[in-house]
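**Q** everything below, folded, please.
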Amino acid sequence: MKWLAWGAIAVGTALAQPAPPANLVAWEARKAAYLEHAARADGLQGTLARLAAGGPLGDPAPILAHAEQVARREDKSEFSAVWLLRLLELHPGALPPPLAARVEDALLGYRYWLDEPGRDAMHLWTENHVLGFAAAEYLAGQRWPQRVFPTSGLSGREHEAKGRARFLRWARERVRYGFSEWFSPVYSGFHLAPLVALCDHARDPEVRRRAAAVLDLLLFDLARLPQRGNFGLSAGRTYAEYCVDPGRHGVADAIELLQGSRGGFRPGAQSGAVALASARRYRLPWALAAIAVDRPPATVERLRVGLRPDEAAAEGIGFERLADGVFWWQNGAYLDPRVLPLSRRMVRELGLGHRAEFALLGQLPAEPRALATLGRALGRLTQGPQLTGVELVVFHAPEVLLSSAQDHHPGAIGFQQHPWQATFDLEAVVFTSAPGLWNRPGPSDWGGNASLPRVIQVRDVLVALYSPSLTQRALFPRRTHAYVPRAAFDEVREAGRWTFARKGAGYLALYSARPTRWQTEGDYTDRELIADGPRNAWVCQVGSRAEDGPFERFVARVSQATIRARGTNRLGLGPLELSYAAPDVGTLRVPWAGAPTLDGRPLPAPRHPRFDTRYAQVPWLSSRVEIRHAGYTLRLDGDTALREGDGL
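**A** Numbering: from 1, shown residues only. Okay, here's the model as predicted:
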């Protein structure tokens, strides 16, 4: 009788388990299809896809090329090291002996961290690079535990321990503080391959669990936030070509694997998607599979990423140790007055003075108070790179998405931040910037900002004020501009200072307090809306047929609403502010300095939780994340390395 009772319990438990989401089957089918697609591509990613699909090695030249990149210690070569280590783990014996020996020599002789000797062009300290180097060092040390690595003089076992410690700290911080390079269409893709490699090949179960948990959080973003396949949001780090050509996003094929919403894969092979499609151990949680195809009505998300320096003491993070310096550097806080003395010491002790970005830093005086005073005096320059304490708002409807970083260092030089964007699909996107015209690292024409705006968003309405300093006006173009690709929309109208656009059932209204003109020559003809003058106030309001009725009604209500701007004269003098009586939202008043108001009541300073979304509510500085949808649950704990849920 006992076995009958236990059998009944087992049957009841099985019946209580939810069935897998339908998208899970499509996910597996798209992974197989992607490997076949990517296997036809040239390069190492094509080789990895071809081998994963059961095909032959093919031309070994791409493998040798990446081994030489590692041997030369080129920038981003740590990712080549991860791919080569994954190749060795997944397909032992696949390489001809001479090629296998060259790969091994390159990996053994590599420089895996800042404290190892060598002068090279590698960036080791931003968020994606910290992950890449930790994963490569851990996997290389694990593979050759008894070998001595000639650059460091350490054994493989010692390298494994070093890489493990750095990765575990990095992974805990991602669960607790989020990605400092928030919503990056570039660097989100760089995270995928190292995380999959650790999930698949780490022998330490804690490393595997933590890698899978961070991968879950990244895929949570890629599952719920793309608008018709476009990961087009405010971003911590991006470049001009990704802003104006969303089809190039480094997460494009990963989104297609999750959602099937882009209608096909990009030509070639993307490393993150190849890693996901060939993963052996990582299982997509059922909650994420269901979220990826959920199409809810209009929702508003509030999120926060990045620890501020004034919160560090309570988190046990200081300003003295190398490990803490790396934490601040990967958050872009090199020149924060509290970090500056440590940054100077790191440059000198780690021999980084030959790098152009650090040459001056190593020559600064050593006296801490003088350094702190200098950091404060530099003001807008020191704040610009910082990716700390970022409060995000995302309005997401089936027809359109509007997202922004709230009050993110207004007036500072923003090298690669993308403050706000309205996104309809893969082509119809709109945003504004203060062009810098520096080179690709920014601020450039469309990447970054010569002067970051003050952005305030309330639901589907956003105000962006631009007020550069006199120095910024002397260094950079005295104008702001908007990216509005007319051909990507079904309809574009102008009424006074307003520009209206419609894409399907999604609507856009864009206002400039300064007069605007369309670009009529060059690459951005009919894609660039120019407003001359150093200061400006822009307004963006989005809508839809479902919420606002016919497009004509939306245009009429917005164009007839009261709107006033001050301080946007051609000389850029006087207090800067804008007031807009936004239909269905209220009168939003945003001054350059002081609290914004809605219908006369001050808007509280943004203090967003880690997640406030349809699928997860997580307080700031909580290490426990629970994601729920359609009866499925995923639970993560950054303190205990817990990862549990349906489908795991």
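**Q** please count neighbours and contacts with C-alpha atoms only from this point.
**A** Will do.
**Q** run through the chain and note the low-pLDDT ranges.
**A** In the predicted model, the chain carries pLDDT under 70 at residues 1-16, 362, 365-368, 370-382.
**Q** output the longest strand belonging to it.
**A** Longest strand in the chain by number of residues (criterion: DSSP state E): strand 536-544.
**Q** quick one: strands adjacent to that one?
**A** strand 461-466 (antiparallel), strand 506-512 (antiparallel) (DSSP bridges).
**Q** for the helix or strand that that strand is followed by, buried residues please.
**A** Note on strand 536-544: by DSSP states H and E, the next helix or strand toward the C-terminus is helix 545-548. Going by neighbour count (16 or more other CA atoms under 10 Å), the buried part of helix 545-548 is Arg545, Asp548.
**Q** what's the angle between whatever helix or strand comes next after helix 545-548 and strand 536-544?
**A** Using DSSP H and E, the helix or strand that follows helix 545-548 in sequence is helix 551-560. Here helix 551-560 points in a direction 150 degrees away from that of strand 536-544 (axes from the mean of the first three to the mean of the last three CA atoms, to 10 degrees).
**Q** and whichever helix or strand comes after helix 551-560, what other elements does it pack with?
**A** Tracing the chain C-terminally past helix 551-560 and defining elements by DSSP H and E, one meets strand 563-566 next. Judged by 3 or more CA pairs under 8 Å, 6 or more residues apart in numbering; DSSP states H and E, strand 563-566 is in contact with strand 577-582.
**Q** how is this protein carved up into domains?
**A** Structural domains annotated on the chain: 22-296, 312-383, 390-602, 615-645, as defined by automatic domain parsing.
**Q** adding distance to Arg302, write the ones you listed out as JSON lines.
**A** Listed next are the domains of the chain as JSON lines, based on distance: least, CA to CA, whole Å:
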{"stretch": "domain 22-296", "distance to Arg302": "13"}
{"stretch": "domain 312-383", "distance to Arg302": "20"}
{"stretch": "domain 390-602", "distance to Arg302": "5"}
{"stretch": "domain 615-645", "distance to Arg302": "10"}
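**Q** the ones you listed: which one's closest to Arg304?
**A** Closest approach to Arg304 among the domains of the chain (CA to CA): domain 390-602, 4.7 Å.
**Q** quick check: end-to-end length of the closest one?
**A** End-to-end distance of domain 390-602 (CA to CA, to the nearest Å): 20 Å.
**Q** do stretch 528-539 as well
**A** End-to-end distance for stretch 528-539, by CA to CA: 16 Å.
**Q** quick one: distance of that stretch to the chain centre.
**A** Distance, stretch centre to chain centre, for stretch 528-539: 27 Å (CA atoms, centre = their mean, to the nearest Å).
**Q** same question for stretch 349-361.
**A** 27 Å.
**Q** coming back round to it: single out the most deeply packed of the strands paired with strand 536-544.
**A** Ranked by mean neighbour count under mean count of other CA atoms under 10 Å, these are led by strand 461-466, which reaches a mean of 25.
**Q** which residues touch that one?
**A** For strand 461-466, contacts defined as CA atoms under 8 Å, 6 or more residues apart in numbering pick out 410-411, 434, 451-457, 480, 534-542, 576-578, 582, 585, 590, 592.
**Q** no further questions, thank you.
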